[in-house]
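Q: quick one, structure for this:
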Amino acid sequence: MTHHLTRDEARRIAVRAQLLDAERPGDVVEVAEQLGYVKIDPTATIAPCEHTILWSRIGWSYEAGQLQKAVEIDRLLFEFDGAFRPISLLPLMLPAMREWPRRESSRQWLEANAPFKKDVLARLKGEGPLLASDIPDTAQVDRAPDGWYGKNQVPHMLDFLSRQGLVAIVGREGRHRRWDLAERVYPKGLPSLDPDEAARALAERRLQAVGIAKLKSPWSQIAEAGEPATVEGSRWRFRVDPEALAALEAEDDGRVAFLNPYDPMLFDRPRLSEIFEFDYVLEQFKPKPQRIYGYFAHPILMGDRFVGMLDAEVDKEREALRVNAVHEFLPFEPEEHDIVRSEISELGEWLGLPVIGLP
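A: Next up is the predicted model:
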């Protein structure tokens with residue numbers, strides 16, 4: 001059976017799936033379980049990505065220490081490939097990790113650096129957990145600097161070994177990752193799945209996180225999970241999460257949310273345009289004269305529509321949250337102004353800073 005949805009229904013499904021509706025989640029783990037991952041990024045005009053993602057869902061009660069506790073003490077989340085993920089996803093990811101790498105150049109680099117790989121694993125076994133800077137670079141073959149990594153080959157090897165499931169991040173010292181053998185970090189006794197079973201389950205979890213996505217979307221990577229659907233006014237073939245579909249009947253007054261530019265709600269740009277009619281462009285890497293909304297402006301979601309952009313940043317000299325501009329795609333109604341101003345004030349309170357420049 002194919003489900004026929006209005007554009008409003010499709011938007012509500014997507015918003016609820018991303019925990020951006022009026023009913024806020026209770027804690028960090030609940031958010032990670034639903035979203036599948038919480039991206040890590042150091043750009044912090046307001047706060048680092050991982051913290052603004054969680055604040056935009058949980059609200060004022062979220063504190064940064066809650067994330068660290070879930071990762072480093074409770075071990076309910078683990079860090080992998082630039083994001084914090086729920087431990088429930090690890091069994092679904094392990095089959096693909098055991099088959100990594102698929103790219104010939106990566107396999108050749110690992111083969112050429114077999115003694116280096118052995119050195120790194122031995123060092124971690126004997127002395128771990130360690131920072132990358134604690135491990136000598138004994139690489140036989142170097143990878144060229146690419147803008148993310150320098151000449152030191154240890155971060156390259158640790159990244160490769162983590163993708164193979166051999167090492168894992170046990171915690172952080174500031175922005176620096178501390179590494180150990182995966183067998184000492186990941187839980188023991190995890191269920192063993194064959195690759196096809198794991199891939200299907202992972203696709204279902206990805207669909208759960210987005211609610212609705214284009215069939216075989218390269219962005220959402222949901223394959224053929226869920227059930228077929230159409231959306232009014234779109235020629236796309238969609239797949240929809242059955243549980244999200246069943247929850248459509250529940251009432252929801254919506255709310256305002258400021259989304260970090262790396263928020264998972266914004267990741268699938270084609271879907272944003274198709275369902276939300278929002279053509280989002282991150283201006284971080286644009287020359288300043290070409291920016292319209294600001295270096296790291298946060299999209300403003302009101303209910304199930306994107307209504308503007310918040311250009312704000314922490315002013316360290318004045319110890320305040322400075323609002324440079326609130327860009328309105330269409331003029332706000334008076335009550336919409338009040339709602340946005342109230343949310344900016346709450347953002348300042350969460351940061352522990354006064355708000356300046358609020359129009």
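Q: residues in contact with the helix or strand containing L207?
A: Per DSSP states H and E: L207 is located in helix 195-210. Residues outside helix 195-210 that contact it (C-beta atoms under 8 Å, 6 or more residues apart in numbering): 14, 17-18, 34-36, 89, 91-96, 99, 193, 213, 220-226, 239-241, 243-244, 264, 268, 271. C-beta here means a position set from N, CA and C on the backbone, and glycine is covered the same way.
Q: in its sheet, what does the helix or strand that comes right after that helix sit against?
A: Going down the chain from helix 195-210, the next helix or strand is strand 212-214, by DSSP H and E. Strand pairing for strand 212-214, determined by DSSP bridges: strand 238-240 (antiparallel).
Q: mind giving me the PyMOL select for the contacts of helix 195-210, buried ones only?
A: Here is the PyMOL selection string for the buried members of those, based on 16 or more other C-beta atoms under 10 Å:
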select buried, resi 14+17+18+34+35+36+89+91+92+93+94+95+193+213+220+221+222+223+225+226+239+240+241+244+264+268+271
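Q: run the chain-centre distance for the helix or strand bottoming out on mean pLDDT in the chain.
A: Lowest on mean pLDDT, DSSP states H and E among the helices and strands of the chain sits helix 242-246, with a mean of 92. Offset of helix 242-246 from its chain centre (C-alpha atoms, centre = their mean, to the nearest Å): 23 Å.
Q: cool, and stretch 17-31?
A: On the basis of C-alpha atoms, centre = their mean, stretch 17-31 sits 14 Å off its chain's mean C-alpha point.
Q: next one: stretch 345-355
A: 23 Å.
Q: mind checking the pLDDT average for it?
A: Across stretch 345-355, pLDDT averages out at 97.
Q: so what's E127 up against?
A: D134.
Q: what does the least confident helix or strand of the chain rub up against?
A: For helix 242-246, using C-beta under 8 Å, 6+ apart, the contacting residues are H3, I13, R16, A17, Q208, G211, I212, G226, E227, A229.
Q: do the same with stretch 181-191
A: 75, 78, 87, 90-91, 94, 121, 124-125, 128, 162, 165-170.
Q: inside helices: which ones of those residues?
A: In this view, the contacts of stretch 181-191 that belong to helices under DSSP state H are L90, P91, L94, L121, L124, K125, S162.
Q: from these, pick the one nearest A139.
A: Comparing the ones in helices among the contacts of stretch 181-191 against A139 with C-beta to C-beta places L121 closest, at 14.0 Å.
Q: how far away is that closest one from A112?
A: 16 Å (C-beta to C-beta, to the nearest Å).
Q: show me how to select, in ChimeraX, the buried members of the contacts of stretch 181-191.
A: Selection of buried members from the contacts of stretch 181-191 for ChimeraX, criterion 16+ other C-beta under 10 Å:
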select :78,87,90,91,94,121,124,128,162,165,166,167,168,169,170
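Q: tell me how far T138 lies from Q153.
A: In terms of C-beta to C-beta, T138 sits 8 Å off from Q153.
Q: over to F84?
A: 26 Å.
Q: for the two, indicate the residue with more neighbours.
A: F84 (24 against 21; other C-beta atoms under 10 Å).
Q: buried residues in stretch 201-211, which are they?
A: Applying 16+ other C-beta under 10 Å to stretch 201-211 flags L202, A203, E204, R205, R206, L207, Q208, A209, V210, G211 as buried.
Q: list just the nearest of those to P299.
A: V210 (16.5 Å).
Q: now find how far off-centre the strand or helix carrying G308 is within its chain.
A: Here G308 sits within strand 305-315, counting by DSSP H and E. From the chain centre to the centre of strand 305-315 is a distance of 19 Å (C-alpha atoms, centre = their mean).
Q: go on, stretch 304-316?
A: With C-alpha atoms, centre = their mean, you get 18 Å for stretch 304-316.
Q: and that stretch, which residues are buried?
A: Applying 16+ other C-beta under 10 Å to stretch 304-316 flags D304, R305, F306, V307, G308, M309, L310, D311, A312, E313, V314 as buried.
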